[in-house]
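[1] sequence isn't available, so here's the structure alone:
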């Protein structure tokens, strides 16, 4: 919680800092669409199996994982105004934490996944402590530089695969007779974690901390003048975003059974940024919608041609021209959140 200055009527000034900003302090869950979407996601594995397309359960798991990663980037990019071009590094740290622990004999998800989250959060804290002292293009470049440093660090660690990457012996174990070896149970676990993360983001963005973060995005000098700890607020959120990206990395390592330094490359950060822009920057479900559209287009187009990137680029261009504020801006025009 962030306790900032209040006016004489007892109403926090944070609510009046940027009243004209679209979406500011307005992140309420659209209950009916959310419930319908959740019901569809719950039924998806059963429908896929009934139609003989069980393969798509794995595809859906991958989409949900990237939705988590994109939403963690949206937290700092869309709601905090921090344009990070090295966010994929935190995904990679989480993935490698699981892979390295599994190679050392630690297969329990109850241990390796929290370690992945903590490791990514710690790296985000250290990188953010330095990067957040810069602004604008310098912040973009320093986050990119740190990500590339981690990328080359993992290449140099030959004991953990180096440039060839690291294969996992299997998926992490939950115990109590629960197995993640099949795509169905793994999908439902990913779905449960995705719902929990979106609930956390919803709560955060409607808290004093979330309000302060968005006000900093709109008018940072004014927030400083009002006495808010701007640097500390941004660092807390940057660290949290890194930790959530680490969770996505842990899930991605389990989903694919493989981790590689390429997961940390700047191109992966660019892909996450495209997902956020495609869905809607600074919108609660922007990362989710962007991940769905991006990966579904990739999956569909790749079945027709090996040059699917060209078709994907053209489709993205059309979307950007028709909805420059993201696909969710079309929903907002009809009264959605």
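    Received the coordinates, thanks. Because the structure is predicted, anything quoted here is derived from the model rather than measured.

[2] following the chain onward from the helix or strand containing residue 312, which element is next?
    Secondary structure assigned from DSSP states H and E places residue 312 in helix 308-322. Per DSSP H and E, the first helix or strand lying C-terminal to helix 308-322 is helix 328-332.

[3] find the nearest non-adjacent residue to the spatially most central residue of the chain, please.
    In the chain, the centroid-proximal residue (C-alpha atoms, centre = their mean) is residue 69; its distance is 2.3 Å. Distances taken as C-beta to C-beta, 6 or more residues apart in numbering place residue 248 nearest to residue 69, at 3.9 Å, with adjacent residues excluded. The way it works is simple: take the backbone N, C-alpha and C, and place the C-beta from them, glycine included.

[4] so who does that neighbour touch?
    By C-beta atoms under 8 Å, 6 or more residues apart in numbering, the residues touching residue 248 are 65-66, 68-69, 72, 91, 94.

[5] and it, that's in a helix?
    Yes. Assigned with DSSP: H, G, I helix; E, B strand; the rest coil, residue 248 falls within a helix.

[6] distance-wise, check it relative to residue 117.
    Distance of residue 248 to residue 117, computed by C-beta to C-beta, to the nearest Å: 10 Å.

[7] try residue 206
    Distance, residue 206 to residue 117, by C-beta to C-beta: 23 Å.

[8] more neighbours, the two?
    Ranked by neighbour count (other C-beta atoms under 10 Å), residue 206 and residue 117 place residue 117 first, with 23 against 16.

[9] which residues are contacting whichever strand or helix holds the more buried one?
    Element membership of residue 117, judged by DSSP H and E, is helix 109-131. Residues from elsewhere that reach helix 109-131, judged by C-beta under 8 Å, 6+ apart: 84, 86, 89-91, 93-95, 97-98, 101-102, 106, 139, 142-143, 146, 150, 172-175, 180, 234-235, 238-247, 249-250, 254.

[10] in that helix, what's buried?
    109, 112-113, 115-117, 119-121, 123-125, 127-128, 131 (16 or more other C-beta atoms under 10 Å).

[11] repeat for stretch 162-171
    165-166, 168, 171.

[12] and residue 10, what pLDDT?
    Looking at residue 10, its pLDDT stands at 35.

[13] the one 10 residues further on too?
    At residue 20 the predicted local confidence, pLDDT, stands at 38.

[14] residue 42 contacts residue 194, correct?
    No. Residue 42 is beyond contact range of residue 194, at 11.8 Å (criterion: C-beta atoms under 8 Å).

[15] which of the two has more residues huddled nearby?
    The neighbour comparison of residue 42 against residue 194 (other C-beta under 10 Å) goes to residue 194, with 23 against 12.

[16] which residue packs closest to that one, ignoring adjacent ones?
    Counting by C-beta to C-beta, 6+ apart, the nearest residue to residue 194 once its immediate chain neighbours are dropped is residue 64, at 4.9 Å.

[17] tally of neighbours for that neighbour?
    Neighbour count for residue 64, taken as other C-beta under 10 Å: 24.

[18] compare the contacts of residue 248 and tell me which is most surrounded.
    Going by other C-beta under 10 Å, residue 94 tops the contacts of residue 248 with 35 neighbours.

[19] list the buried ones in the strand or helix carrying that residue?
    Per DSSP H and E: residue 94 is located in helix 88-103. For helix 88-103, the neighbour count (16+ other C-beta under 10 Å) marks 88-102 as buried.
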